[in-house]
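1. have a look at this prediction, sequence included:
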Protein chains: 2
Amino acid sequence: MATRKHNFNPGPAALPLTVLETAQRNLVDHEGLGLSLLEMSHRSKEFEAILDHAKRTIAELYGLPDTHDVLFLQGGASLQFAMVPLNLGAGGAYVNTGEWSTRALKEAQTLHGRAYEVWTSEPAKFTRVPRPDEKLAVPADATYLHYTTNNTIFGTQFHSVPETDKPLVADMSSDFLSRPIDFTKIALAYAGAQKNAGPSGVTIVVGRKDLLHAFHGAATVPVILRYATHGKQNSLYHTPPTFGIYLCGLVAEWVKAQGGLAAMHERNVEKANAIYGVIDERADLYRGHAEPDSRSLMNVTFRMASEAQEQAFLEQAKKRGLLGLKGHRSVGGLRASIYNAVPKAAVDALVDLMRSFG
Amino acid sequence: MATRKHNFNPGPAALPLTVLETAQRNLVDHEGLGLSLLEMSHRSKEFEAILDHAKRTIAELYGLPDTHDVLFLQGGASLQFAMVPLNLGAGGAYVNTGEWSTRALKEAQTLHGRAYEVWTSEPAKFTRVPRPDEKLAVPADATYLHYTTNNTIFGTQFHSVPETDKPLVADMSSDFLSRPIDFTKIALAYAGAQKNAGPSGVTIVVGRKDLLHAFHGAATVPVILRYATHGKQNSLYHTPPTFGIYLCGLVAEWVKAQGGLAAMHERNVEKANAIYGVIDERADLYRGHAEPDSRSLMNVTFRMASEAQEQAFLEQAKKRGLLGLKGHRSVGGLRASIYNAVPKAAVDALVDLMRSFG
């Protein structure tokens, strides 16, 4: 086996090595059953136990209230951009903090015409999210308030839950399972699993049972796009992505073994601070994209003096086995995605390079 | 490792052992790259090569004309039940040959009101599909004709492509990659991969480029549900189910190594004939559900004299390592799903049991 690289990919992203090893051991013959999980019916008692385990472990990690349920769907956050307004109705209010918020807003507008942009940092190149005391212009008739907890591309993150009297909907794709959050404040959250929670191809939805088990939308909404269709059948209305759900369960179990979400958050703070520390110390070399109050613990975005210098940095990084550091084209420069499964050792290797570069 | 079971699961279903072994070998460290494919960006050149390989191999197996393209989506056939009418418009005509056809029809009716049932064998418990010479009552203003090539639950299958002057749409979920088909006759086909083509969580769409690369539907259709969104970006509009697509590519490669679709079909005929042979020989014990002309090469459905006898059969089967033979609740009895990757040896073991039973 080759040396394992330091993986800073933005998603699909690093997974815990023990999770990969467990999946590998079981890939041909799942737990001695004589067939692979990939070959097993989603109606089998074995898969039902896997589904139940993944669901229970996520609920346990968040200390989920009884009012909430967990679903495993397909189609990524992008399908949720449509499912949210299809299920919650026209007139959603959107906090626009980056590309994914913009896409969510546009999908709601495509569908219903009526959807509100109630705050945006677009003129400032999405360098920040609203401050906790900043007023969002939510209209009285808005049906819900939607926000993106972490902005992968721009490297910004909400560090508190917005206060609102509307049902709060959160796209948690890039920080799901990375820190504790009070779900009594959240009506509906969704996450493509491929950052902190598992592989691509699984979408985790956590939300209030009154939204997930009963349908309140228009009669013309396709049955497959109603949360209630999936909620009433425990994510087994149709064939789910069985292997992906298994991996999500293994990842959730790993998070639990690391001490749970509070411990995970502490490690994530430590990792992020190490990189932001060098950015601040070496302001001659690095310039962070995000405003300090809005800095993401998941995606650290920064520029250097020139593209040539950034290119040289990426080449040195590659030589040292550091992968996935190129920034998204809309920001340019560099981005270190340091999700749960990126070990401190990888961050140390990056910090070493940043300190010694030039 | 435990002895490998004889796997007759209806889906997710048996996969070729060599495919599982290749996936296992690469699971932690993909081809010596120092990370798992599960951790690799879908924008990496490595994944783009995997996507391209899967696509090219499927196109090659079918001898796909230049007019057609292959997409990898999510959401299974169930999401296609909605995407087809969202993209092709109201007024689809549906041949109703079983539960999945019924669901496809109902989804089109939910969405648009207007959708036609132009043939059904429901009164006869879906024991057959239309004969090639049988007239389908397709209205002049129908926008497309939809049929289900193989009916997993009832064990029936079309053995020729229906003649029509409408764009023909085919749900090929349960016989995709199992036999040659002339795609010049097919406007759009889709398949959940989890029968013959790969794991659950990947939907393969093969269709005319004018339908997959340009959008002709209503302006209110969510962007994510337009084929053109995916077609114009080579299935990379959003994060695809990367690991599933990799497995589909390995399976397609395996089909090619078996001699391609004609050879695969020949083996499938041989396997199915072996089981139907015993059903016909032992009419005292077994009663096939499907009418002989409509018999499926993929799912052999049959009943015995009593439920107690069927239960006894299932128990003996289990003792011999034969799994997944219980029929679907709507038909009852027994069902042997004998997709591409179910080896002749498994069929022989089933035939042995059927002959010696009692």
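-> Yep, it's here.

2. can you show me the strands along the stretch 51-200 of chain A?
-> Ranges of strands in the stretch 51-200 of chain A, per DSSP state E, counting those that start in this stretch, are A:68-73, A:92-96, A:115-120, A:144-148, A:150-151, A:156-157, A:168-171, A:188-192.

3. where do the strands sit along the stretch 251-358 of chain A?
-> A:287-288, A:299-303, A:322-323, A:334-337.

4. any idea which of the strands of the stretch 51-200 of chain A gets closest to chain B?
-> strand A:188-192 (6.3 Å; C-beta to the nearest C-beta). (C-beta placed from N, C-alpha, C; glycine too.)

5. packing partners of the closest one?
-> Applying 3 or more C-beta pairs under 8 Å, 6 or more residues apart in numbering or on different chains; DSSP states H and E, we find strand A:188-192 packed against helix A:76-88, strand A:168-171, strand A:203-208.

6. distance to residue A:65, mean neighbour count and mean pLDDT for these - can I get that in a markdown table?
-> Formatted as a markdown table, these follow (distance: least, C-beta to C-beta, whole Å; neighbours: other C-beta atoms under 10 Å in any protein chain shown; pLDDT from 0 to 100):
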| stretch | distance to residue A:65 | mean neighbour count | mean pLDDT |
| --- | --- | --- | --- |
| helix A:76-88 | 20 | 25 | 98 |
| strand A:168-171 | 14 | 24 | 98 |
| strand A:203-208 | 9 | 24 | 98 |
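
7. need the winner for burial among the strands of the stretch 51-200 of chain A.
-> strand A:150-151 (a mean of 29; mean count of other C-beta atoms under 10 Å in any protein chain shown).

8. if we can go back for a sec, want to throw the helices and strands packed on strand A:188-192 into a markdown table with distance to residue B:236?
-> Listed next are the helices and strands packed on strand A:188-192 as a markdown table, based on distance: least, C-beta to C-beta, whole Å:
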| stretch | distance to residue B:236 |
| --- | --- |
| helix A:76-88 | 12 |
| strand A:168-171 | 20 |
| strand A:203-208 | 17 |
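
9. looking at those, spot the one closest to residue A:51.
-> strand A:203-208 (12.0 Å; C-beta to C-beta).

10. which helices and strands does the helix or strand following the closest one pack with?
-> Sequence-wise, the next helix or strand downstream of strand A:203-208 (DSSP states H and E) is helix A:209-212. Using 3+ C-beta pairs under 8 Å, 6+ apart, the elements in contact with helix A:209-212 are strand A:68-73, helix A:227-231.

11. and residue B:231, which of these is closest to it?
-> strand A:68-73 (22.7 Å).

12. what angle separates that closest one from strand A:188-192?
-> 30 degrees (axes from the mean of the first three to the mean of the last three C-alpha atoms, to 10 degrees).

13. hmm, who's touching strand A:68-73?
-> A:51, A:54-55, A:58-59, A:64, A:79, A:183, A:202-209, A:212-213, A:227, A:230-231, A:235, A:240-241, A:244-245, A:248 (C-beta atoms under 8 Å, 6 or more residues apart in numbering or on different chains).

14. sheet partners, orientation included, of it?
-> strand A:203-208 (antiparallel) (DSSP bridges).

15. next one: the strand it pairs with to chain centre, how far?
-> 12 Å (C-alpha atoms, centre = their mean, to the nearest Å).

16. by how many degrees do it and helix A:76-88 diverge?
-> Using the same axes, to 10 degrees: strand A:203-208 against helix A:76-88 is 30 degrees.

17. and for strand A:203-208, what's in contact with it?
-> Outside strand A:203-208, the residues that reach it (C-beta under 8 Å, 6+ apart) are A:58, A:62, A:64, A:67-77, A:79-80, A:167, A:176, A:183, A:186-193, A:197, A:212, A:227, A:248.

18. what residue ranges in chain A score low on pLDDT?
-> Low-confidence segments of chain A, defined by pLDDT under 70: A:1-2.

19. domain-wise, how is it divided?
-> With domains defined by automatic domain parsing, chain A comprises A:20-257, A:260-356.

20. does the last one reach chain B?
-> Yes - legend: contact between domain A:260-356 and chain B by C-beta under 8 Å from any C-beta of the partner chain is shown at A:321, A:323-324.

21. of those residues, grab the buried ones for PyMOL.
-> Entered in PyMOL, the line below selects the buried ones among those, by 16 or more other C-beta atoms under 10 Å in any protein chain shown:
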select buried, chain A and resi 323+324
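
22. wait, isn't residue A:155 in contact with residue A:337?
-> No - contact criterion C-beta atoms under 8 Å: residue A:155 and residue A:337 do not qualify, at 9.1 Å.

23. of the two, which one has the most company?
-> Neighbours around residue A:155 and residue A:337, counted as other C-beta atoms under 10 Å in any protein chain shown, are more numerous at residue A:155. The numbers are 29 against 24.

24. distance of the residue nearest to residue A:210 when sequence neighbours are not counted relative to residue A:190?
-> Excluding its sequence neighbours, the residue lying closest to residue A:210 (C-beta to C-beta, 6 or more residues apart in numbering or on different chains) is residue A:67, at 7.9 Å. Remark: distance between residue A:67 and residue A:190 (C-beta to C-beta, to the nearest Å) = 17 Å.

25. before we move on, what about residue A:131?
-> 25 Å.

26. picking up where we left off before, taking the contacts of strand A:68-73, please make a PyMOL selection of just the buried ones.
-> To isolate the buried ones among these in PyMOL, judged by 16+ other C-beta under 10 Å, type:
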select buried, chain A and resi 51+54+55+58+59+64+79+183+202+203+204+205+206+207+208+212+227+230+231+235+240+241+244+245+248
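
27. which helices and strands does the lengthiest helix in chain A pack with?
-> Taking DSSP state H as the criterion, chain A has its longest helix at helix A:260-281. Packing partners of helix A:260-281 (3+ C-beta pairs under 8 Å, 6+ apart): helix A:45-62, strand A:287-288, strand A:299-303, helix A:344-356.

28. is it correct that residue A:295 is in contact with residue A:272?
-> Yes - in this structure residue A:295 lies within contact range of residue A:272 using C-beta under 8 Å: 7.1 Å.

29. give me the more crowded residue out of those two.
-> Using other C-beta under 10 Å as the criterion, residue A:295 and residue A:272 rank with residue A:295 on top: 24 against 21.

30. now that one: closest residue in space, sequence neighbours ignored.
-> residue A:276 (6.1 Å).

31. just residue A:305 next, same as before
-> Closest to residue A:305 by C-beta to C-beta, 6+ apart is residue A:285, at 7.4 Å.

32. so what's that neighbour up against?
-> A:304-305, A:354, A:357-358.

33. can I get these in CSV with neighbour count and distance to residue A:87?
-> Output for those, formatted as CSV (neighbours: other C-beta atoms under 10 Å in any protein chain shown; distance: C-beta to C-beta, whole Å):
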residue, neighbour count, distance to residue A:87
A:304, 19, 44
A:305, 12, 48
A:354, 23, 44
A:357, 16, 49
A:358, 13, 52
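
34. may I ask which two of those residues are separated the most?
-> A:305 and A:354 (13.9 Å).

35. can you get me a residue count around the residue nearest to residue A:252 when sequence neighbours are not counted?
-> Nearest residue to residue A:252 in three dimensions, chain neighbours excluded: residue A:57, at 3.9 Å (C-beta to C-beta, 6+ apart). By other C-beta under 10 Å, the residues close to residue A:57 number 21.

36. distance of residue A:57 from residue A:341?
-> 16 Å.

37. now residue A:99: closest residue in space, sequence neighbours ignored.
-> residue A:153 is the one closest to residue A:99 (C-beta to C-beta, 6+ apart), at 5.1 Å.

38. neighbours of that neighbour, just the number please.
-> Quick note: residue A:153 (other C-beta under 10 Å) scores 20 neighbours.

39. ok, now residue A:344?
-> 13.

40. contacting residues around it?
-> A:267, A:270-271, A:274 are the contacts of residue A:344 under C-beta under 8 Å, 6+ apart.

41. look up how far chain B lies from it.
-> Taking C-beta to the nearest C-beta, to the nearest Å as the measure, residue A:344 falls 17 Å from chain B.

42. thank you, goodbye.
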